Each structure stands twice: as structure tokens, then as C-alpha cells.
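Engineer: need a 3D model of the sequence below.
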Amino acid sequence: MKLHELRDNDGASTKRLRVGRGPGSGKGKTGGRGLKGQKSRSGVAVKGYEGGQMPLYQRLPKRGFNKPNRKSFAVVNLGTVQKFIDAGKLDASAEVTEDTLLQAGVIRRKRDGVRLLGKGEITAKVTLHVTGASKGAVEAVEKAGGKVSLTAAAAAE
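Structural biologist: Numbers count the residues shown, from 1 in each chain. Below you'll find the model as predicted:
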């Protein structure tokens, strides 16, 4: 094979169909839109319209309320923290803050803060500074000889 012999596979690239360009094209005059009516005109969209039938978005039940200013926390489990300590990516002797968790790669981004949850086991004696923590997580850390301190923002809520 030589450089000048290179080309696309058959059917890999097709030319754009130019609609409304005369009767010889097979898609002239009305351009495949049929005759008259809303869909034959330009600039009209009928999304969600089901021909007079009650549309799906109206047939489905609506429940609950989505709080527009709700907080979104980065979630960290105790097992994950222990795994990173065992791997040597986190120093258990030093205070573990949200920034150190971020630098070690435990979390991707802080969002509105970091929340500690009790999934998994922790054996290291570690001091954690986080925005929030579940009761089970706090008990597990204290049982291992560590301490969890929450930031002022979490205490206010």
C-alpha cells in the first residue's frame, strides 16, 4: 500500500443531502416534509405534543420538593480513609483535614464540605477535621482511639 492509495472505506463518508434543490434531486419542492401543516413550516417545534392526548409529563405523578439551595457534600467512608492510611497516602499521626483528603485523592472535590460516614472499619488512631459526620462514624473513630472534630459551619446547622 502506498500513500496515494489511502482512502476511506466504502460508505464511511456520505455527502450531505441538499433538500429542496429541484425535482431531479428526489427531495425537491417540499423537501420531504409533505404538504401544509405545522410540521411542514420552519421554526416550529412540537416537542412533547401527543396529538391531543394527555402528554407523558402531565400523566406522571409529581411528588416532593427539590430544595434549590440544598448542600451537596463529598462523602468519605471510614474504610476508604483506612485504606489510604495503609497505602501511605495519608499520615495518621498528623491531623487529617478536608484539604489533605483532597491532596491524597480520597475525594475529587470538596463541594459544600466533606461528610464522614461509618461504612468500613478504621483501626488507625487519627484526628479528623470534617464538615459533618454520622454518629456511627464518630463512635468508630473514637473507639479506635481517634477524634473527629466538626467545623463551625456544621455545628451551626
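
Engineer: what number of residues lie near Q38?
Structural biologist: Using other CB atoms under 10 Å, Q38 has 9 neighbouring residues. No exception for glycine: its C-beta is placed from N, CA and C like everyone else's.

Engineer: Q53 versus that one, what's the distance?
Structural biologist: 17 Å (CB to CB, to the nearest Å).

Engineer: ok, now D10?
Structural biologist: Remark: distance between D10 and Q53 (CB to CB) = 44 Å.

Engineer: the more surrounded of the two?
Structural biologist: Per other CB under 10 Å, whichever of D10 and Q53 has more neighbours is Q53, with 9 against 6.

Engineer: let's see the pLDDT reported for the more buried one.
Structural biologist: Note on Q53: pLDDT of 92.

Engineer: which residues touch it?
Structural biologist: With CB atoms under 8 Å, 6 or more residues apart in numbering as the criterion, no residue contacts Q53.

Engineer: what about 10 Å?
Structural biologist: The contact partners of Q53, taken as CB atoms under 10 Å, 6 or more residues apart in numbering, are R59.

Engineer: neighbours of A74, how many?
Structural biologist: 19.

Engineer: quick one: the helices in this protein?
Structural biologist: Along the chain, the stretches classed as helices by DSSP state H are 56-59, 78-86, 98-104, 135-143, 152-156.
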